[in-house]
Structure formats: C-alpha cells, structure tokens
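Engineer: Predicted coordinates and the sequence they were generated for:
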Amino acid sequence: MSVIEINKIKVKRAAGPIVRPVNENEFFEKKAEEARRFLELNPPPDHLFKKK
Amino acid sequence: MDLEHYEIENLDERTFRFFSIGSKGKFEMRVKFSYVWQNTYNLGFGVLDPVTEALDDLIELKNGDSQKILATVANTVLLFLEQFPLVRVYARGSTRSRTRLYQMGINKILPLLNDYTVTGYKVKSGRYEHADRHGQWGEIELGVEYDAFLIYKEQMYIL
C-alpha cells in the first residue's frame, strides 16, 4: 500500500473494496451549489487576496 | 499539524476518506472538494450511513471523537491545498452548530497555519438564517462568530 507524506500529513491510497455512496454525486453537488449561491451573493472582496 | 487525527486515504485527487472509531463504533467519513467558482472549491463532508450506504451530514454520531474528526478534516484541507496550491477552499457547516464547531477547530489550529490565510464571513447578530447579504468577509479574528470560511495558501498571492 503506497503511503505518501505531504506537509507532514500522511495519506495513503485506499485499498480494498470502496463503497460508492448511493447519493455521492447528489450529496456533494448539492453542497457545492449551496456554496456557489452563497459566494455569488456574498463575494469575497479582491483585496483579501491581493494585499499580501 | 500535530493534533491527534485519523489516517487519511485518498480515493481520487479530490476525495478522501477516514474512519471515526469511538464509543459507538466505526464509521466511514468522506471529504470531497467540489469546484464552486473562481478557483474556489467547497469542502463537502459527510458520514457514510452503514445501513443505507448514503452520505449524511446531519447525523450526530456522538462517537466521542469530534475533535479528532475535526483535526482530520482540517488535514484533508491542508493536503488539498498542497496538491492544488492555487485554489481556495470554502467551508461552511451544515448547521449553525456545525459551523461553530468548524470555527472552534480553526481557532485551535490557527496558530499552526503560518503558510495559510483564513478569512471569515461575519454575520450581523441574529441574521444567520438569512445570512445572505447581511455580513462581510474579513481576515479571521479570535472571538468573532463567522458563518463561512475561505482558506488558501499565502504565497500564491504575493505579487
């Protein structure tokens, strides 16, 4: 099993059977859509990302 | 980050899983970063219901390891930002109490996040349920309640 370390955090590639949640796409896309709506209504100002 | 956390497995470049192990048993958790807009990805997090095999983000496991789970989710964010250092991660809890939990976790790890910037969307008092258009983004400060968060690596914005 491969294990890599990124920024001192270890992560390995999943092995064995992986359950695909029955609502995986719907679940995460719903969350993304909520985030999209929130950010469209409340866009972070550019200066937050440029002042460093 | 040295906080106690679970081992993380990656299922693909944007999806991770780990297992909560506590007083109520072992539960699989999934984290996925979904593209939202303008270089920003949403942190999606859910528990895999062992019976229905469906993801759920409203289950209260009470498995006695919430801090460890939180630290593990935070680690997936750092992993994702290491893999994709030019993006931002948006995080907001599924409920107000979950968002508070996120905030507690962020407050705890903030001193350790030297290479990252965390900004928060501050809601005006009593406006959470109708938060849209009633707050503002700013760099996070301890002791202030936020409704949503953006986390990104600092060096990408040095011009």
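Structural biologist: Right, received. Where do you want to start? Numbering: from 1, shown residues only, chains lettered A, B, ... in the order given.
Engineer: what about the residue most central in space within chain B, distance to residue B:138?
Structural biologist: Nearest to the geometric centre of chain B sits residue B:91, at 5.0 Å (C-alpha atoms, centre = their mean). Per C-beta to C-beta, to the nearest Å, residue B:91 is found 16 Å from residue B:138. From N, CA and C alone the C-beta is placed, and that goes for glycine too.
Engineer: on that earlier part again, quick one: the residue nearest to the centre of chain B and chain A, what's the gap?
Structural biologist: Look at residue B:91 and chain A: by C-beta to the nearest C-beta, to the nearest Å, they are 9 Å apart.
Engineer: before we move on, what about residue B:88?
Structural biologist: 8 Å.
Engineer: Next: residue B:62.
Structural biologist: Residue B:62 is 21 Å from chain A, by C-beta to the nearest C-beta.
Engineer: is it true that the residue nearest to the centre of chain B touches residue B:101?
Structural biologist: No: counting by C-beta atoms under 8 Å, residue B:91 sits too far from residue B:101 to count as a contact (11.0 Å).
Engineer: anything in stretch A:17-28 near chain B?
Structural biologist: Yes: using C-beta under 8 Å from any C-beta of the partner chain, we find that stretch A:17-28 touches chain B at A:18, A:19, A:21, A:22, A:23, A:24, A:27, A:28.
Engineer: Quickly name whichever of the residues you listed is closest to residue B:22.
Structural biologist: Closest approach between the residues of stretch A:17-28 next to chain B and residue B:22, by C-beta to C-beta: residue A:19, at 20.0 Å.
Engineer: For chain A, which residues are neighbours of chain B?
Structural biologist: A:6-15, A:18-19, A:21-24, A:27-29, A:31-32, A:34-42, A:44-45, A:48-52.
Engineer: out of all of them, which helix in chain A is the longest?
Structural biologist: helix A:24-41 (DSSP state H).
Engineer: outside of that one, which residues touch it?
Structural biologist: In this structure, residues lying in contact with helix A:24-41 by C-beta atoms under 8 Å, 6 or more residues apart in numbering or on different chains are A:21, B:30, B:32, B:34-38, B:40, B:42, B:44, B:46, B:54-55, B:57, B:90, B:92, B:121, B:131-133, B:148.
Engineer: Buried among the residues of chain A next to chain B? Make that a PyMOL selection.
Structural biologist: Filtering the residues of chain A next to chain B down to the buried ones (16 or more other C-beta atoms under 10 Å in any protein chain shown) takes a single PyMOL command:
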select buried, chain A and resi 9+11+14+21+23+24+27+28+29+31+32+34+35+36+38+39+42+44+48+49
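Engineer: show me where chain B has helices.
Structural biologist: Using DSSP H, helices in chain B cover B:66-83, B:96-109.
Engineer: Tell me how far the first one lies from the chain's centre.
Structural biologist: Just to be clear, that refers to helix B:66-83. Relative to its parent chain, helix B:66-83 has a centroid offset of 7 Å by C-alpha atoms, centre = their mean, to the nearest Å.
Engineer: can you pull up the bridge partners for the residue lying closest to residue B:92 once chain neighbours are set aside?
Structural biologist: Setting aside the residues directly before and after it, residue B:92 is nearest to residue B:148 in space (C-beta to C-beta, 6 or more residues apart in numbering or on different chains), at 4.1 Å. Under DSSP bridges, the beta-bridge partners of residue B:148 are residue B:121.
Engineer: Cool, thanks, talk later.
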